[in-house]
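J.: sequence and predicted structure below; questions after.
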Amino acid sequence: MKLLFIIPEYPPCSGGGIATFYSNLLPELSRQGHQVRVVVGSAFSPAITDYQVNGLTIEFLKPQAVNANLAKFNRYHAIPEFQRHLAAAWTIWEQVNGGKDYDLVETTDWGMLFAPWIVSENSPPTVVQLHASIGQIDFYDPQIDNQLQGSLIRLLELNLLSLADELQANSQSNAKIWQKMTGRDVTYIPPALSSKPITKPLDKSANGLVVGRIQYWKGPTILCETLRLLGEKSPTIDWIGRDTVYRDSKTLMSAYLTQTYPDIWGTKIQPLGTFSPEKTCQLQAMANFILVPSIWDVFNYTCIEGMVQGQLVLCSQGAGAADLITDGVNGLTFKVGDPQSLAKGLNTLLSWSVAKREEIGKAAQETVKTKLAPTKIAQQRIEIYQKLINNGRFSIRPNSWLIDAVSPTQPLGKPLAFLDRLPLRELSNYLWKRSLQKFLS
């Protein structure tokens, strides 16, 4: 098969869940004899030179080409981030000539990268892999100064994804969410992960470890509430990950946590910043236990990365990776968003003997080895690809309104004309306040 993958990130130039997903899958597809082309890019990708890794050539979207296409979407000038997402999606589509001569295209739900492939008449059959869409992320962590974009994107995502040729999810929970919303079957295939634990002896830490962005839906507030509930019995937990904004573009999540939980954040929870993937892996292997406190997570690779290391993992049921855990057999789970349930899980985990911990850790390693083996997962996906190629594109096509909403058009001569509909006094007051804030900062 000639397979084309349009994705927003790929290592070593990024380290998110999408990058982990494809870095474990695509080399295996290539090893099984399929021709794989990878094009990486999104609305805010930097200029990166193409490179080769694991037998694949990784191509990149050119930011200057995205800039050149922005004018074709200037009717969305009031929503500049959305405007840039669409410009990037169509720029990649142009860069690969609409997927001509490829048997199948796979893209992701993040960044509206799927839009051109769903609305274009001559696109090859297309798989949309449901990792976490912009609309989903905004729904679980809304930004008060970005509500127009959030509502618009969710409406467009739902309508477009309802007409995709094939929808796939790497967790059962996310598959059920999209199946209910779109009324479509969503294929569940777990992600691939190579089982390569660190073998050299490492000094063990007395602390637990969370790996993830310092972000609301990653669960830092739930963890703070839990440790406050445990009081003197609470363990110390390290947190690896970058900071993000909370509720508005001016407030950092870490600052909110410091203000709201001064007795916990920075004391019982130690934010360590970010490290290379290799260093992070070492710290995961050294930790006393791995914790995933997410309020919501499509999957969460840090859960299974901990399992690979034979670690004790305590995972929120709000994370899709919890599907792989049987309580007391290969790890523990707790009720999503429930500090008391998390506290109970921590007490149970910390009470286990060395022998029990080793038993759980070995079972966790075996789970990943048997259920997420790249060779096995790649074969499952190839079967689905072949079925889609044989069946062809989805029978129901997008209507003209939907196509027009996400397609490039003739640039507007006055893209800011929508401001004429707003009272001049409101505009003047807002401009004055914004200018004052910029001057003071």
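T.: Done, it's in. Being a predicted model, the structure only gives us computed values, none of them experimental.

J.: for this structure, give me the ranges with low pLDDT.
T.: In the predicted model of the chain, residues 15, 199-201, 441 satisfy pLDDT under 70.

J.: let me see the domain layout of it.
T.: What automatic domain parsing lists as the domains of the chain is 2-192+379-431, 208-372.

J.: can you get me the start-to-end distance on the first one?
T.: Distance between the boundary residues of domain 2-192+379-431 (C-alpha to C-alpha, to the nearest Å) amounts to 53 Å.

J.: re earlier: and the domains of the chain as a markdown table, adding mean neighbour count and distance to residue 440?
T.: For every residue, glycine as well, the C-beta is placed using N, CA and C. Output for the domains of the chain, formatted as a markdown table (neighbours: other C-beta atoms under 10 Å; distance: least, C-beta to C-beta, whole Å):
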| stretch | mean neighbour count | distance to residue 440 |
| --- | --- | --- |
| domain 2-192+379-431 | 18 | 15 |
| domain 208-372 | 19 | 12 |
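
J.: save the ones you listed as TSV, and put in distance to residue 202 too.
T.: Formatted as TSV, the domains of the chain follow (distance: least, C-beta to C-beta, whole Å):
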stretch	distance to residue 202
domain 2-192+379-431	21
domain 208-372	5
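
J.: what ranges does the stretch 101-250 of the chain have for its strands?
T.: Using DSSP state E, counting those that start in this stretch, the strands found in the stretch 101-250 of the chain span residues 104-108, 126-130, 166-169, 187-188, 208-211, 237-240, 245-246, 248-252.

J.: among those, which is nearest residue 400?
T.: strand 126-130 (19.8 Å; C-beta to C-beta).

J.: partners of that closest one in the sheet?
T.: Strand 126-130 sits in its sheet next to strand 104-108 (parallel), strand 166-169 (parallel), going by DSSP bridges.

J.: could those be laid out in a markdown table, adding distance to residue 24?
T.: Formatted as a markdown table, the strands paired with strand 126-130 follow (distance: least, C-beta to C-beta, whole Å):
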| stretch | distance to residue 24 |
| --- | --- |
| strand 104-108 | 14 |
| strand 166-169 | 15 |
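
J.: hang on, the earlier thing: please identify which of the strands of the stretch 101-250 of the chain is closest to residue 303.
T.: Comparing these against residue 303 with C-beta to C-beta, the closest turns out to be strand 208-211 (9.5 Å).

J.: show me what that closest one is in contact with.
T.: Residues outside strand 208-211 that contact it (C-beta atoms under 8 Å, 6 or more residues apart in numbering): 218, 223, 235-241, 269, 280, 283-284, 287-293, 302, 305, 346.

J.: and if you look at stretch 361-370?
T.: So stretch 361-370 is in contact with 193, 195, 197, 304, 306-313, 324-325, 329-331, going by C-beta under 8 Å, 6+ apart.

J.: can I get that stretch in CSV, CA atoms only?
T.: Coordinates of each C-alpha in stretch 361-370 appear next as CSV, following Å, rounded to 0.1, in the frame of the first residue of the first chain:
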residue,chain,number,x,y,z
GLY,A,361,4.9,-4.4,37.9
LYS,A,362,5.6,-7.6,36.0
ALA,A,363,1.9,-8.0,35.2
ALA,A,364,1.9,-4.4,33.9
GLN,A,365,4.9,-5.1,31.6
GLU,A,366,3.2,-8.2,30.3
THR,A,367,0.0,-6.2,29.5
VAL,A,368,1.9,-3.8,27.3
LYS,A,369,4.0,-6.5,25.7
THR,A,370,0.9,-8.6,24.7
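
J.: can you tell which of the strands paired with strand 126-130 is closest to residue 158?
T.: Here strand 166-169 is closest among the strands paired with strand 126-130 (C-beta to C-beta), at 11.8 Å.

J.: ok now the closest one, how far from the chain's centre?
T.: 15 Å (C-alpha atoms, centre = their mean, to the nearest Å).

J.: contacts for that strand?
T.: With contacts defined as C-beta under 8 Å, 6+ apart, strand 166-169 is touched by 125-130, 161, 175, 178, 182, 184-189, 298, 384, 388, 394.

J.: ditto for stretch 177-184
T.: Taking C-beta under 8 Å, 6+ apart as the rule, stretch 177-184 contacts 130, 158, 161, 162, 164, 167, 169, 185, 186.

J.: show me the contacts for residue 273.
T.: Contact analysis of residue 273 by C-beta under 8 Å, 6+ apart lists 240, 242.

J.: measure it to residue 113 for me?
T.: Relative to residue 113, residue 273 is positioned 30 Å away (C-beta to C-beta, to the nearest Å).

J.: over to residue 155?
T.: For residue 155, the distance to residue 113 - C-beta to C-beta - is 18 Å.

J.: could I get the contacts of stretch 177-184 as a markdown table with distance to residue 41?
T.: As requested, the contacts of stretch 177-184 are exported to a markdown table (distance: C-beta to C-beta, whole Å):
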| residue | distance to residue 41 |
| --- | --- |
| 130 | 19 |
| 158 | 24 |
| 161 | 20 |
| 162 | 25 |
| 164 | 20 |
| 167 | 22 |
| 169 | 23 |
| 185 | 29 |
| 186 | 25 |
